[in-house]
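Trainee: 3D, please:
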Amino acid sequence: MNLYAFFALLGGLLVLAFVANRLVRFTHVPDVVILMATGVLIGPVLHWVDPDVFRGVTHGFGSLALMLILFEAGLDLKLREVLRHFGAGFLLSLFSYLLSGIFIAIVCRFFFRFAWIDALLIGGVLGCVSSSILLPVLQQVRLRREVAVTLLVEASLGDAFAVLAVTTLLEIASGGNAQPKVIAWTLASSLLLAVAAGVLAGVLWSYLLPVLSEQRFWHVLTFAAVLLVYSGVHLLRGNELIAVLFFGLTLSNFFTVRRRLRFKEGTRADWFNEMPIADHRGHAADEPSEQMLTFHGELAFLLRTFFFVLLGLLVDWTGLRENILLALLCTIAIVIARAVAVETGRLAWRTFTRLERELMLWFVPRGLITAVLGIGILEARGTAFEFLPSLAVAVILLTNALLLVGTVRAHKLPPDAEAPASKEPLKTISTNELAQ
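Mentor: Numbers count the residues shown, from 1 in each chain. Okay, the predicted model is just below:
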């Protein structure tokens, strides 16, 4: 493939990704499925692209895209709604992840004779909902705000739980300390360090915003700050994904909280603004945080597009056929675990209707973090886990098929279930107000 054909292919993929993303509400097909299918078509089927050329960059693309997606999610959150629905989202995320991981591990152990540590590693990789897929879908599917925010909090935390669990299991597998107290302290300190670092970085950067937002290329400088926060917290052995999430959350809420604590006039409306789950990007973005949301959202969209096309390119059909039974059983385990989690936690979402609880059952897509962790375990454990990337791809496809069922069922919701964000425009903070 010559250079001009390569550029034409990249341009065509971006056009395809944009169209697929816009048509989700009409076709009900998550755009990630279309992107992965395109990768399969231009790679293993038509042989337009040699997949071996890209094998070394897939992990980096995935990590960078995931970082930007979580930063975008933080910018898109309103603190008031996070606090209101955090308990329900946290419970759903933790309980669903633990049950899914355990049920998958049981399948691997008793049906396929894996060692327990290997079975738990597979469960850790396949157990979490993917924020890279679910967050865009929540912007396009008609759900009540309470349901949408609960699922958004779950998706934002799910990636972090998966990284924490897999990192801990890899340390145990390599002979590290497996005492429960040590593991609990490691997890707690990793989260606390990440939250503290993300909030501190967000506060410091918030004070620089009035100056930086008047300069050219300040979005690129903010992107550099995201990279530094991510790398610095990782170096300190904190959870870098949670740090990036709280960095974005602090940037989008710090000035509102500060003005409310000072009881300045007019802060009540800002404090009670709802976070913009519904599509609002057609409005002008005068506020720096809105500009950051647009810039980093588009950058995340670019990287996410290439990552899932690359994932389709790298599909190993032989491995996929060999692991399809395991993938089916793991998907069944995910659905059973999700059903148990949803029904057990009904008190936490007691206002949800029966159909809304059913949608929570179908909204279990695996995606970018599953693929990234699968590749990471292969790099850490070697040839014994050569099957894991193919298994991850199979589970991603199967769970996105379940998501497709959920998006279709969501159209059965009554019209008043639509999120009210479009009825009341978001109040923005001008640059002059930020400087005060």
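
Trainee: all helices of the stretch 101-250 of the chain, in order?
Mentor: Counting by DSSP state H, counting those that start in this stretch, the stretch 101-250 of the chain has helices at residues 116-126, 131-138, 145-173, 180-212, 218-235, 240-261.

Trainee: could those helices go into JSON lines alongside distance to V309 and mean neighbour count?
Mentor: C-beta coordinates here come from the backbone N, C-alpha and C atoms, glycine included. JSON lines is the format used below for the helices of the stretch 101-250 of the chain (distance: least, C-beta to C-beta, whole Å; neighbours: other C-beta atoms under 10 Å):
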{"stretch": "helix 116-126", "distance to V309": "21", "mean neighbour count": "24"}
{"stretch": "helix 131-138", "distance to V309": "14", "mean neighbour count": "24"}
{"stretch": "helix 145-173", "distance to V309": "21", "mean neighbour count": "23"}
{"stretch": "helix 180-212", "distance to V309": "30", "mean neighbour count": "16"}
{"stretch": "helix 218-235", "distance to V309": "22", "mean neighbour count": "17"}
{"stretch": "helix 240-261", "distance to V309": "23", "mean neighbour count": "23"}
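
Trainee: format these as CSV; extra columns: distance to L368.
Mentor: Formatted as CSV, the helices of the stretch 101-250 of the chain follow (distance: least, C-beta to C-beta, whole Å):
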stretch, distance to L368
helix 116-126, 12
helix 131-138, 4
helix 145-173, 8
helix 180-212, 19
helix 218-235, 15
helix 240-261, 11
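
Trainee: nearest to L361 among the ones you listed would be which one?
Mentor: Closest to L361 of the helices of the stretch 101-250 of the chain, according to C-beta to C-beta: helix 145-173, at 11.6 Å.

Trainee: out of the helices of the stretch 101-250 of the chain, the one nearest L391 is which?
Mentor: Of all those, helix 116-126 comes closest under C-beta to C-beta, at 7.4 Å.

Trainee: off-centre distance for the closest one?
Mentor: 20 Å (C-alpha atoms, centre = their mean, to the nearest Å).

Trainee: ok, the closest residue to L187 other than its chain neighbours - contacts?
Mentor: Leaving out its chain neighbours, the residue that sits closest to L187 by C-beta to C-beta, 6 or more residues apart in numbering is L164, at 5.6 Å. Neighbour list for L164: L187, S190, L191, N239 [criterion: C-beta atoms under 8 Å, 6 or more residues apart in numbering].

Trainee: give me that answer again for 10 Å
Mentor: Counting by C-beta atoms under 10 Å, 6 or more residues apart in numbering, L164 makes contact with Y97, G124, I183, T186, L187, S190, L191, A194, N239, L241, I242.

Trainee: V315: which of the residues you listed is nearest?
Mentor: G124 (22.2 Å).

Trainee: among the contacts of L164, show me the least confident.
Mentor: Lowest in pLDDT among these is I183, which has 68.

Trainee: what average pLDDT does stretch 130-147 get?
Mentor: Mean pLDDT, stretch 130-147: 80.

Trainee: end to end on it, go ahead and measure it.
Mentor: This stretch, stretch 130-147, spans 17 Å end to end (C-alpha to C-alpha, to the nearest Å).

Trainee: over to stretch 350-357?
Mentor: Distance between the two ends of stretch 350-357: 10 Å, counting by C-alpha to C-alpha.

Trainee: distance from the chain centre to that stretch, please.
Mentor: Centroid separation for stretch 350-357 versus its chain: 23 Å, with C-alpha atoms, centre = their mean.

Trainee: only the buried residues of it, if you could.
Mentor: F352, E356, R357 (16 or more other C-beta atoms under 10 Å).

Trainee: what's the distance between the nearest residue to the first one once chain neighbours are set aside and I334?
Mentor: Spatial nearest neighbour of F352, chain neighbours left out: V147 (6.2 Å); criterion: C-beta to C-beta, 6+ apart. Distance of V147 to I334, given as C-beta to C-beta, to the nearest Å: 20 Å.

Trainee: L251 now?
Mentor: To I334, L251 is 34 Å away according to C-beta to C-beta.

Trainee: try A5
Mentor: 40 Å.

Trainee: what do you get for A165?
Mentor: Distance of A165 to I334, given as C-beta to C-beta: 15 Å.

Trainee: buried residues in the one helix or strand F7 maps to, which are they?
Mentor: Take DSSP states H and E as the rule and F7 turns out to sit in helix 3-22. The neighbour-count check on helix 3-22 (16+ other C-beta under 10 Å) flags L13, L16, A17, A20, N21 as buried.

Trainee: and those as JSON lines, adding distance to W48 and pLDDT?
Mentor: Output for the buried residues of helix 3-22, formatted as JSON lines (distance: C-beta to C-beta, whole Å; pLDDT from 0 to 100):
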{"residue": "L13", "distance to W48": "11", "pLDDT": "86"}
{"residue": "L16", "distance to W48": "14", "pLDDT": "87"}
{"residue": "A17", "distance to W48": "17", "pLDDT": "85"}
{"residue": "A20", "distance to W48": "19", "pLDDT": "83"}
{"residue": "N21", "distance to W48": "23", "pLDDT": "78"}
